[in-house]
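Enquirer: A structural model of the following input is requested.
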Amino acid sequence: MKRKNLALALTTLLCTSSVFADPVAPPKPATVNGGTIKFVGSLVNAACALEQPAGGQVVDLQQFRVAELKKSVGAATHAQDFDIKLTDCSVETYKKASVNFSGVSVPGENTILALDNDRGTSAASGVGIRILSNGEAVPVDGSGASEATNLTPGNTKMRFQAQYVSTSTDVKPGAANASAEFSITYS
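Expert: Predicted coordinates:
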């Protein structure tokens with residue numbers, strides 16, 4: 001019986017000794033330099049807000065026969081209308097707006113956008129895209145702006161046209177896409 005009590009006492013002592021032991025100290029916090037986050041933007045005193053469709057604006061130039069553009073360098077297709085829409089315009093500060101297009105132009109032709117080469121061998125060649133404002137070609141390389149449009153209180157549509165234009169008599173069929181960024185200057 002003494003052995004049984006002794007065993008029980010030892011077991012109890014062993015089990016309860018960990019309860020009274022010093023707790024393990026948690027590790028000290030460690031701080032590691034994570035880098036820099038740069039926040040950018042600007043506040044502008046613009047006369048209007050820009051109505052921009054989700055995903056950006058797309059102008060469908062339709063399909064045209066290569067034969068229409070092979071006639072001569074500078075041959076052009078029918079122009080497709082498109083608008084840049086300004087909303088919530090105030091004419092208190094500025095009265096006019098012009099657009100500056102900035103894209104990759106055909107070498108030596110600052111009014112003709114070069115086609116994107118994102119389609120590899122299926123891309124068209126020998127053509128580019130011209131943007132017109134009131135029938136006049138607009139620079140597409142950022143070197144100049146469109147003719148200024150008078151702003152109206154509320155909403156203003158800035159009307160443009162786009163067309164394919166041949167840059168060679170050796171026109172090849174394929175995807176004929178191009179893109180340009182644009183900015184609006186208020187005056």
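Enquirer: For F182, see how far away S98 is.
Expert: 10 Å (CB to CB, to the nearest Å). C-betas here are computed from N, CA, C, even on glycine.
Enquirer: Tell me where the model's unsure across the protein.
Expert: Along the chain, segments meeting pLDDT under 70 span 1-22, 118-121.
Enquirer: Nearest residue to the middle of the protein?
Expert: Nearest residue to the geometric centre of the chain (CA atoms, centre = their mean): G56, 7.0 Å.
Enquirer: Let's verify it: helix, strand, or coil?
Expert: Secondary structure, DSSP: H, G, I helix; E, B strand; the rest coil: G56 is coil.
Enquirer: May I have the phi/psi pair for it?
Expert: G56 has phi and psi values of phi 90, psi 170 when expressed as degrees, to the nearest 10.
Enquirer: One more: L113?
Expert: Main-chain torsions, L113, degrees, to the nearest 10: phi -70, psi 130.
Enquirer: Could you verify my assumption that it touches G128?
Expert: Yes: counting by CB atoms under 8 Å, G128 is a contact partner of L113 at 5.4 Å.
Enquirer: Tell me how many other residues crowd V66.
Expert: 14 (other CB atoms under 10 Å).
Enquirer: residue ranges for the helices of the chain, please.
Expert: 2-17, 66-70 (DSSP state H).
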